[in-house]
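*Asks:* sequence and predicted structure below; questions after.
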Amino acid sequence: MAAARSRVSLPIFRAKNRAMVTESGRRLARLIIQKRDSSSAASTDIPPLLQKLLNAPDSRIKLTLDSEFTSELPEFPWAALLTSLHSSAPQKANLVIEWKLEKLTKENGKNHNCYTQLISLCENIRNLPIALHIFTSMEAQGVKPTSSVFNALISTSLSSGNLLTALSLFEIMEASEDYKPDSDTYNTFISSYAKTGNRNATEAWVTAKKSSGFSVDAKTYDYLIQCCLKSKKFEDAQRYYEEMVLAELMPNESILRNMLMMFCQQRNFGRVKEFLNFILDGNWRVGTNMVKKIAGLYHEVGKVEDLEEFIVILTKSNQSLEVLSLAHSLIIRMYADRDRLDDVEYCVGRMLKDGIAFSCTEDVEKVICSYFRKEAYDRLDLFLECIKDSYKISRSTYELLGAGYRRAGLSERLNILVNEMKVAGFL
């Protein structure tokens, strides 16, 4: 098989459409820059504003926001901004919430949904006092609370570790006529306990939900399965999944991901394939953690053919560029570690043919080290020629090449490399 691949891989290297690779490289570079700059942010608008708020003194936070927003932008990812800001400057995150409340009050806001959203943002900064202040301001405006408002308060209470407050709010809801606990109220408690792996408390709240006349929906089963996985109760997770299927409920993406990860931990290859195909047939997205888990499992037990099949399946499905890039990277890295150059070249050629460029210096350097170990210098030249339009060689990679050429006594190649480093500004 390797010999057959080598006959295919080298022509792919030579016949590569450079324009396609260059464009993929640009797309990948934009993705990497955006991810590095914005972290968990959902928009490239966040980093500049985040930087302004971090640089501004507390006394100018609200003025900075006024200059940035002449009118409310409902689609702006406030949660991401607050999460990033809170990690570095908690007081400034509080001031952002205060500014939003002041804007809402000045506009004489009567929409309880606006207050619900604002209280929900307090969960991102784990600030219950300011959430309660928003609730008080809402009542002062004559806006009556709803179940959704109380649910947001309970969620903020739980996220900030105030269980007694959350339970007190729940009791208030139970005693009311206008904002009784709803399905989301129970799910809020179920989710909170599931995250900690507290199975007894999670199941108790599920029982309470059913006793109150609410059905156990897919979201509830999602939390139950999460809880079982957190507490390593895999048989119970399987039982809840089967119970959900018998109830004719469609699993959500989170459930499928968690079950797939569980089967990986159990090394149940048959179920891994079954669930993976189910996910892809349903046009769901495969996350990077899932790709790492599945590829790592196949790599660990030496199931190369299954790993190859996994790459092909992902390529044919509608997955993100980040996921596809990671999948190609993992298999190239595996072959390079084993010095299987024919397979390395086949996989690199396939990746470039799919319009995906190298995104990690470590992967490129692993391939280069493999060529040096096998003393395949002409093939190394071909590899470097192949990727030059889609990948900018880093200083560390130039240094690796230089060290390899010196050890091999390849003075001519070393001289060419030195000139290239000068052009690149590294010398």
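*Replies:* Structure's in. What do you need? Here the structure is a predicted model, which means the values were calculated and not measured. Numbers count the residues shown, from 1 in each chain.
*Asks:* next up, the contacts around S191.
*Replies:* Y223 (CB atoms under 8 Å, 6 or more residues apart in numbering). For glycine as for every other residue, the C-beta is placed from the backbone atoms N, C-alpha and C.
*Asks:* can you tell me the SS state at it?
*Replies:* Three-state call for S191 (DSSP: H, G, I helix; E, B strand; the rest coil): helix.
*Asks:* ok, E68 touching L49?
*Replies:* Yes. Contact between E68 and L49 holds when scored by CB atoms under 8 Å: they sit 6.0 Å apart.
*Asks:* so how far is G282 from R267?
*Replies:* 24 Å (CB to CB, to the nearest Å).
*Asks:* same check, this time on K92
*Replies:* Counting by CB to CB, the gap from K92 to G282 is 42 Å.
*Asks:* any idea how many residues pack against Q238?
*Replies:* 17 (other CB atoms under 10 Å).
*Asks:* chain center to the helix or strand where it lies, what's the gap?
*Replies:* Here Q238, judged by DSSP states H and E, is contained in helix 234-246. Averaging C-alpha positions (CA atoms, centre = their mean, to the nearest Å) puts helix 234-246 26 Å from its chain's average.
*Asks:* ok, then the element right after it?
*Replies:* Defined by DSSP H and E, the subsequent element after helix 234-246 is helix 253-266.
*Asks:* let me see the domain layout of this structure.
*Replies:* Domain assignment for the chain, taken from automatic domain parsing, gives 43-181, 182-266, 393-427.
*Asks:* possible to save these as TSV with mean pLDDT and distance to V367?
*Replies:* Below are those laid out as TSV (pLDDT from 0 to 100; distance: least, CB to CB, whole Å):
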stretch	mean pLDDT	distance to V367
domain 43-181	87	32
domain 182-266	92	27
domain 393-427	92	10
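*Asks:* which residues in this structure form strands?
*Replies:* With DSSP state E, there are no strands along the chain.
*Asks:* if we can go back for a sec, more neighbours: which of K92 and G282?
*Replies:* K92 (20 against 11).
*Asks:* contacting residues for that one?
*Replies:* L53, L54, A56, D58, I61, L85.
*Asks:* I figured E98 was touching K62, is that so?
*Replies:* Yes. The pair E98 / K62 is scored as a contact, 7.5 Å apart, by CB under 8 Å.
*Asks:* could you report the neighbour count for the residue nearest to Y179 when sequence neighbours are not counted?
*Replies:* Nearest non-adjacent residue to Y179, counting by CB to CB, 6 or more residues apart in numbering: S147, 4.6 Å away. Residues lying near S147 (other CB under 10 Å) number 18.
*Asks:* my guess is S147 meets I172, correct?
*Replies:* No. With contacts counted by CB under 8 Å, S147 stays clear of I172, the gap being 11.2 Å.
*Asks:* contacts only, for the residue nearest to Y179.
*Replies:* M173, Y179, K180, P181, D182, D184, T185.
*Asks:* 10 Å - rerun?
*Replies:* Contacts of S147 were listed using CB atoms under 10 Å, 6 or more residues apart in numbering, and they are T116, M173, S176, D178, Y179, K180, P181, D182, S183, D184, T185.
*Asks:* what count of nearby residues applies to the closest residue to the last one other than its chain neighbours?
*Replies:* Beyond its immediate neighbours in the sequence, the residue positioned closest to T185 (CB to CB, 6+ apart) is N151, lying 5.4 Å away. Around N151 there are 25 other residues, counting by other CB under 10 Å.
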